[in-house]
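Trainee: below is the structure, and that's it, no one-letter string:
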């Protein structure tokens, strides 16, 4: 807030200079100046930001988390839509794209990549492990199949995920317990990322986020890779 200052000036009345009275004290009618740290435009001492607190929280959430889901964060989703342009601008300053999927009710970020521009990479690409990829492919396949059949909600059991993923491991590997732990850990990670939600013990609902994480093109590539892996395994065991 700009400070209001009182200057000492001379006022002429009938050509006779009269000195202006000194500024009255705060208790005589003027509002006392607000200390800078209490300025309502600042959220903390030395704050030079221009966004409201709610908008900043949405921006931070987008940077911290992989997805912002409308159904789970209605207030922040509304804030995002109302301030989408300025939030996009802030992310662009960091070479990050904002993607708002209105149909699925989800927003997420993507790293800007350019062959013409030297772009510093802010977002890490955390690759999925083999077990995580196997579980993800099955989730995406089931989701695609059930959605195609007209189902609006898709569910899977952890035993189904485990047994399907195990078929792609070496059948001669006797350390099945270790693979089971890998698969359970994979399920846990995908749950943390919001791709599945546990509704009851060992039973999960598959969320539309699987379509974002694994596109149709990428799904086809992974299916082909899995077929090749299965064929090689069969040749070895003959």
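Mentor: Cool, the structure landed. Computed from a prediction, not measured in an experiment: that's the story for all the values here.

Trainee: can you give the domain ranges for this protein?
Mentor: Domain segmentation of the chain under automatic domain parsing yields 53-111, 130-237.

Trainee: so can I have a markdown table of those domains showing mean neighbour count, distance to residue 123 and mean pLDDT?
Mentor: All C-beta atoms are positioned from the backbone trio N, CA, C, and that covers glycine. What follows is these, written out as a markdown table (neighbours: other CB atoms under 10 Å; distance: least, CB to CB, whole Å; pLDDT from 0 to 100):
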| stretch | mean neighbour count | distance to residue 123 | mean pLDDT |
| --- | --- | --- | --- |
| domain 53-111 | 16 | 4 | 96 |
| domain 130-237 | 15 | 14 | 90 |
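
Trainee: for residue 46, find the nearest of those domains.
Mentor: Taking CB to CB, domain 53-111 is the member of those nearest to residue 46, at 15.0 Å.

Trainee: tell me where the chain has helices.
Mentor: All helices of the chain, identified by DSSP state H, fall at 53-64, 74-82, 84-92, 130-148, 158-166, 176-192, 209-213, 216-237.

Trainee: centre of the chain to the third one, how far?
Mentor: By that I understand helix 84-92. Relative to the chain's own centre, helix 84-92 is displaced by 14 Å; criterion: CA atoms, centre = their mean, to the nearest Å.

Trainee: tell me what it is packed against?
Mentor: Applying 3 or more CB pairs under 8 Å, 6 or more residues apart in numbering; DSSP states H and E, one finds that helix 84-92 contacts helix 53-64, strand 96-101.

Trainee: is it true that residue 95 touches residue 112?
Mentor: Yes. In this structure, residue 95 is within contact of residue 112 by CB atoms under 8 Å, at 4.2 Å.

Trainee: joint contacts of these two?
Mentor: residue 119 (CB atoms under 8 Å, 6 or more residues apart in numbering).

Trainee: ok, residue 129 - contacts?
Mentor: By CB under 8 Å, 6+ apart, residue 129 lies in contact with 182, 186.

Trainee: residue 195 too?
Mentor: Taking CB under 8 Å, 6+ apart, we find residue 195 in contact with 136, 139, 206, 207, 209, 210, 213.

Trainee: of those, which pair is most distant in space?
Mentor: Counting by CB to CB, the most remote pair of the contacts of residue 195 is 136 and 207, 12.3 Å apart.

Trainee: related to what we said a few turns ago, got CSV for the helices of the chain, with distance to residue 124 too?
Mentor: Listed next are the helices of the chain as CSV, based on distance: least, CB to CB, whole Å:
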stretch, distance to residue 124
helix 53-64, 12
helix 74-82, 23
helix 84-92, 16
helix 130-148, 16
helix 158-166, 25
helix 176-192, 15
helix 209-213, 15
helix 216-237, 19
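
Trainee: rewinding a little: reformat the helices and strands packed on helix 84-92 as TSV; add distance to residue 226.
Mentor: Listed next are these as TSV, based on distance: least, CB to CB, whole Å:
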stretch	distance to residue 226
helix 53-64	33
strand 96-101	27
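
Trainee: looking at these, spot the one closest to residue 150.
Mentor: strand 96-101 (21.5 Å).

Trainee: need the residues that contact the closest one.
Mentor: With contacts defined as CB under 8 Å, 6+ apart, strand 96-101 is touched by 62-63, 80-81, 84, 87-88, 91, 107-112, 122-123, 212.
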